[in-house]
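[1] Turn this into a structure:
(one chain, ligands or ions: 3)
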Amino acid sequence: MRLSLPFALLSLLSLTVASPVRRASTCNGSPALCSRLYSNVTFAGAHNSYAIAPSAQTNAGANQNVSLSFQLDMGVRLLQSQAHASGNSSATGAGVDLCHTSCSIFQGGALEAYLSQVSSWVSSNPSEVLTLLIVNSDALPASRFAQAFESTGLASKVYNPTATGAATNGVVAKSAWPTLGALVDAGTTVVVLLSSGADTSSVGYLLPQFANVWETPYDQTSVPFSCSVDRIDSSSTSSNLMYLSNAYLDEALFGNIVIPAVASLGDTNSESRQLENAYACAGTHGTAPNFLLSDYSQMGEYGVMKAAARLNGVEYTEPTSSPTSRGSGSGSGSGSSSGGSNGAATSPRSLAAMAMGAAGVALLTL
Ligand SMILES: *[C@@H]1O[C@H](CO)[C@@H](O)[C@H](O)[C@H]1NC(C)=O
Ligand SMILES: *[C@@H]1O[C@H](CO)[C@@H](O)[C@H](O)[C@H]1NC(C)=O
Ligand SMILES: *[C@@H]1O[C@H](CO)[C@@H](O)[C@H](O)[C@H]1NC(C)=O
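    Ligands and ions are numbered 1, 2, ... in the order given. This is a model prediction of the structure:
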């Protein structure tokens, strides 16, 4: 008894001293990734992650056919979306809808509905770092997006390099990105990039995409994919930025209108095709792509996620449930997930007619 008291005091003391610092032990599924800079990780990405076909049938305006939560569960860690001013005069909130090219072609619902789903997944998965890339199609002010991030509660989980001093005008040098472990420890596991309209003096966490991440050409219609520098901020140097490889394949539908080449998905999304592309890009640019953007991302036997894991030197674990049971039913199924009116399948022909009428422009980017 005489000896146990000091020991008890000592252990109490050491508990008090050791408890405050949280140290993530697993990041994005692997202990090895906790010490890696965010800018030195390859993330699997979903192109138009909200544009989910309502059933196993392909909708010509869709790019995915499993629910947003399934995309995340299977390992997608970059969710790309396309924002448009809502045409709904009775819309509440920020008045931003996720639509593909035009809301008459694919209406994916309000930004808040989408961010709420992301927010609940992020809350349940606190050691997973993910990126949202939002294409600001109608040049909406950053404050409109911020309204949706704040009302859904997601803003508190978004990394803000303006507040921490890591960014200058929203640009974080590649070497100044935190590690995944630091992001997890801070509880700020979401990075948000806005294609245009970022204004970090007013919203510090909505970062200018093309001054942080450049892209290879999009809407490519043949493989092997091109790794060339396509879109980048005019004052940036590609070697200083992270980059995104548009590793999805399109095919011409009508004139310059292209749609996903769904018949080729098994090859396009295979681990070998994705690795071939990533190694070629790494050969040209010195590092592997930071983001591999894909259509129907689960296709090719999860090859996009497998390729990302291989590039990161870690193991990929397939989801335990099958996409068919999650992607096409009700409940967590795809069509209902976005809260939008995307129920009716758009045939390629009617899409072409709508596109010609709605856009009347030479190039339509689907
Ligand atoms: C998704 O679309 C592809 C291509 O059309 C199809 O082969 C696959 O069965 C679909 N999967 C689901 C879950 O709907
Ligand atoms: C328009 O917004 C209102 C209010 O949020 C909503 O109830 C309605 O479903 C929306 N209409 C369409 C076509 O999205
Ligand atoms: C991470 O760094 C390693 C070692 O320099 C490099 O081989 C790899 O391509 C890098 N990955 C990314 C996405 O930067």
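[2] any idea which helix or strand carries Y50?
    Counting by DSSP states H and E, Y50 is held by no secondary-structure element, helix or strand.
[3] doesn't Q107 make contact with it?
    No: Y50 is beyond contact range of Q107, at 9.9 Å (criterion: Cβ atoms under 8 Å). The C-beta positions use only the backbone N, C-alpha and C, and glycine is treated the same way.
[4] More neighbours: those two, which one.
    Set Y50 next to Q107 and count neighbours by other Cβ atoms under 10 Å: Y50 wins out with 33 against 25.
[5] Provide the backbone phi and psi angles at that one.
    Main-chain torsions, Y50, degrees, to the nearest 10: phi -90, psi -20.
[6] Next one: it from A32, what distance?
    Distance, Y50 to A32, using Cβ to Cβ, to the nearest Å: 31 Å.
[7] and if you look at N277?
    Taking Cβ to Cβ as the measure, N277 falls 23 Å from A32.
[8] Give me the phi and psi for S297.
    Reported as degrees, to the nearest 10, the phi and psi values for S297 are phi -60, psi -20.
[9] dump the residue contacts of it.
    S297 is in contact with 44-47, 64, 66, 71, 74, 76, 269, 304-305, counting by Cβ atoms under 8 Å, 6 or more residues apart in numbering.
[10] please redo it, this time with the cut-off set to 7 Å
    By Cβ atoms under 7 Å, 6 or more residues apart in numbering, the contact set of S297 is 44, 46, 64, 71, 76, 304.
[11] ok, so of those residues, who is nearest ligand 2?
    Closest approach between the contacts of S297 and ligand 2, by Cβ to the nearest ligand atom: Q64, at 20.1 Å.
[12] residue ranges with poor pLDDT in this structure?
    Applying pLDDT under 70 to the chain flags residues 1-21, 55-57, 324-366.
[13] where along it do the helices fall?
    Under the criterion DSSP state H, the chain carries helices at the ranges 4-18, 68-73, 111-124, 142-151, 161-164, 180-186, 209-212, 265-268, 271-285, 303-312, 323-327, 334-337, 348-359.
[14] How about the second one and ligand 1, touching?
    When you say that, I think you mean helix 68-73. No: Helix 68-73 lies out of reach of ligand 1 by Cβ under 6 Å from any ligand atom, never closer than 8.7 Å.
[15] Going by contacts, tell me the helices and strands next to that helix.
    Taking 3 or more Cβ pairs under 7 Å, 6 or more residues apart in numbering; DSSP states H and E as contact, the helices and strands that helix 68-73 lies on are helix 111-124, helix 323-327.
[16] one more time with 8 Å, if that's ok
    Applying 3 or more Cβ pairs under 8 Å, 6 or more residues apart in numbering; DSSP states H and E, one finds that helix 68-73 contacts strand 78-85, helix 111-124, helix 323-327.
[17] repeat for the fourth one
    When contacts are defined as 3+ Cβ pairs under 8 Å, 6+ apart, helix 142-151 sits against strand 96-100, helix 111-124, strand 190-194, strand 206-208.
[18] Same question for the fifth one.
    With contacts taken as 3+ Cβ pairs under 8 Å, 6+ apart, helix 161-164 sits against no other helix or strand.
[19] how many neighbours does the residue in the stretch 151-300 of the chain positioned nearest to ligand 2 have?
    Nearest to ligand 2, among the residues of the stretch 151-300 of the chain, is S151, at 12.8 Å (Cβ to the nearest ligand atom). Using other Cβ under 10 Å, S151 has 16 neighbouring residues.
[20] pretty sure it is touching A110, no?
    No: counting by Cβ under 8 Å, S151 stays clear of A110, with 10.6 Å between them.
[21] So which bits of this protein are right by ligand 3?
    Within the chain, the residues that sit near ligand 3 (Cβ under 6 Å from any ligand atom) are 40-42, 282, 287-288, 290.
[22] Try it again at 8 Å.
    By Cβ under 8 Å from any ligand atom, the residues of the chain that approach ligand 3 are 36, 39-42, 242, 282, 286-290, 311-312.
[23] wait, doesn't P178 sit right on Y159?
    Yes: using Cβ under 8 Å, P178 makes contact with Y159 at a distance of 7.4 Å.
[24] rewinding a little: packed most tightly, which of the helices and strands packed on helix 142-151 would that be?
    Stretch with highest mean neighbour count among the helices and strands packed on helix 142-151: strand 96-100 (a mean of 27; mean count of other Cβ atoms under 10 Å).
[25] which helices and strands sit right next to that one?
    With contacts taken as 3+ Cβ pairs under 8 Å, 6+ apart, strand 96-100 sits against strand 78-85, strand 102-110, helix 111-124, helix 142-151.
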